[in-house]
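Enquirer: Next one to model:
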Amino acid sequence: MRSDDLAQKPTSSGSRLFHGVPEAFRWHGGVAFEHVFDGDEESSVNGIRLDVPSIKGNTGILDLGVAYQPARLTNLQFNHGAKGYVGFQTPFPKAFVPAHTLYNTRRTPDASGTLHRTISKRSSQMHYPIEVAGLKRDLPLFPISDELQIAAFIMLGDQELTVACASALLEKAPEYDYMLTAEAKGIPLIHEMARQAGAARYFVARKKMKLYMGEALEVDAQSITTAGMQKLFLTEDDAALMKGRRILIVDDVISTGKSLEALEKLVEKAGGIVVGRAAVLAEGEAAERTDITFLEPLPLFNKAGEAI
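Expert: Have a look, this model is predicted:
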């Protein structure tokens, strides 16, 4: 289960008052106004589309908190506070949201040698620790409804994780001739699997038709991350190579299995034979399937961050 992309165009203005009592402590209070000109989001869970409010609207924000710096010359500052939203604020409409923030400050010299302090801010949130292919990662949890949260598993850009997962999946994979995935998040994984296996070619089902695809094969595909029906296309050349061959379907996460079904239909149309379905994680009920190969299960979570 995944959430769709979130697109919005916000602008905000406000002010914050700081006061130190005593020197190591500093409290702050502030008010702000935010207006979202435009935006949209769509989500679904296990194939069921969720009702998500419009992201357009106005929000009044109240910010209260206290900061503590253990020593005057230290680079660490701890900030504990809360924000209250009145009006519209996604994903916490009309809510009072506690926030814990760690500021890591450092002093860096400019060209003249004068020291300046730069601050990087990390807002804390619930995480789900997971170990995959011998590597540990903390997956951030994101609410998609009042009662349900998901863990975001992002392989894109994580070269260490991609290499390790590719190796682990190849050890479990059945005998095959070619691998197939759908764009886009499965591409780094299948590329690394092909590299390690010494394969000269793999197939990627595209979401849009391109001029160079020739007489491409086409199937309908329903994704939990996108509302409505999509299309998947396989080029004429790839379809010709796939005929009569053993195909291993690869993805990063298997949830509802709808994407798998669409890829299987493409293989069938091309005259190929599906010999396996492999993914790094099996999310929710997918972990109970016996016809897929995966490295670790990934649960869903309630609003308290507990696995369900």
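Enquirer: only C-alpha atoms for contact and neighbour calcs from this point on.
Expert: Will do.
Enquirer: quick check: domain ranges of the protein?
Expert: Domains of the chain are assigned by automatic domain parsing as 7-124, 159-302.
Enquirer: weakest of those in terms of mean pLDDT?
Expert: Lowest mean pLDDT of those: domain 7-124, a mean of 57.
Enquirer: What are the boundaries of the helices in the stretch 51-200 of the chain?
Expert: Taking DSSP state H, counting those that start in this stretch as the test, the helices found in the stretch 51-200 of the chain are 159-172, 187-197.
Enquirer: Need the winner for burial among the ones you listed.
Expert: helix 187-197 (a mean of 19; mean count of other CA atoms under 10 Å).
Enquirer: outside of that helix, which residues touch it?
Expert: 156, 162-163, 165-167, 170, 179-181, 200-202, 204, 250-252 (CA atoms under 8 Å, 6 or more residues apart in numbering).
Enquirer: re the thing from before, could you dump the helices of the stretch 51-200 of the chain to TSV with distance to Lys265?
Expert: Formatted as TSV, the helices of the stretch 51-200 of the chain follow (distance: least, CA to CA, whole Å):
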stretch	distance to Lys265
helix 159-172	23
helix 187-197	19
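Enquirer: of all those, which lies closest to Ile292?
Expert: helix 159-172 (10.6 Å; CA to CA).
Enquirer: In PDB, could you pull the C-alpha coordinates for that closest one?
Expert: What follows is helix 159-172, C-alpha atoms only, in PDB (Å, rounded to 0.1, in the frame of the first residue of the first chain):
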ATOM      1  CA  GLN A 159      23.000   2.300  -3.900                       C
ATOM      2  CA  GLU A 160      24.100   0.200  -1.000                       C
ATOM      3  CA  LEU A 161      20.600  -1.100  -0.400                       C
ATOM      4  CA  THR A 162      20.000  -1.700  -4.100                       C
ATOM      5  CA  VAL A 163      23.100  -3.800  -4.500                       C
ATOM      6  CA  ALA A 164      22.500  -5.900  -1.400                       C
ATOM      7  CA  CYS A 165      18.800  -6.500  -2.200                       C
ATOM      8  CA  ALA A 166      19.600  -7.500  -5.800                       C
ATOM      9  CA  SER A 167      22.100 -10.000  -4.600                       C
ATOM     10  CA  ALA A 168      19.700 -11.500  -2.000                       C
ATOM     11  CA  LEU A 169      16.900 -11.800  -4.600                       C
ATOM     12  CA  LEU A 170      19.100 -13.500  -7.100                       C
ATOM     13  CA  GLU A 171      19.900 -16.100  -4.500                       C
ATOM     14  CA  LYS A 172      16.200 -16.900  -4.200                       C
END
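Enquirer: which residues are contacting it?
Expert: With CA under 8 Å, 6+ apart as the test, helix 159-172 has contacts from 132-135, 155, 188-190, 192-193, 196-197, 278-280, 293-295.
Enquirer: same thing with stretch 285-303?
Expert: 1, 132-133, 143, 146-151, 165, 168-169, 172-173, 254-257, 276-284, 307-308.
Enquirer: Tell me the buried residues in stretch 231-248?
Expert: 231-236, 238-239, 242-243, 245-248 (16 or more other CA atoms under 10 Å).
Enquirer: Which of those residues fall within strands?
Expert: Members of these lying in strands (criterion: DSSP state E): 231-234, 246-248.
Enquirer: got CSV for these, with distance to Asn302 too?
Expert: Shown next, in CSV, are these (distance: CA to CA, whole Å):
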residue, distance to Asn302
Lys231, 32
Leu232, 33
Phe233, 37
Leu234, 38
Arg246, 40
Ile247, 37
Leu248, 34
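Enquirer: count of neighbours near Val250?
Expert: By other CA atoms under 10 Å, the residues close to Val250 number 28.
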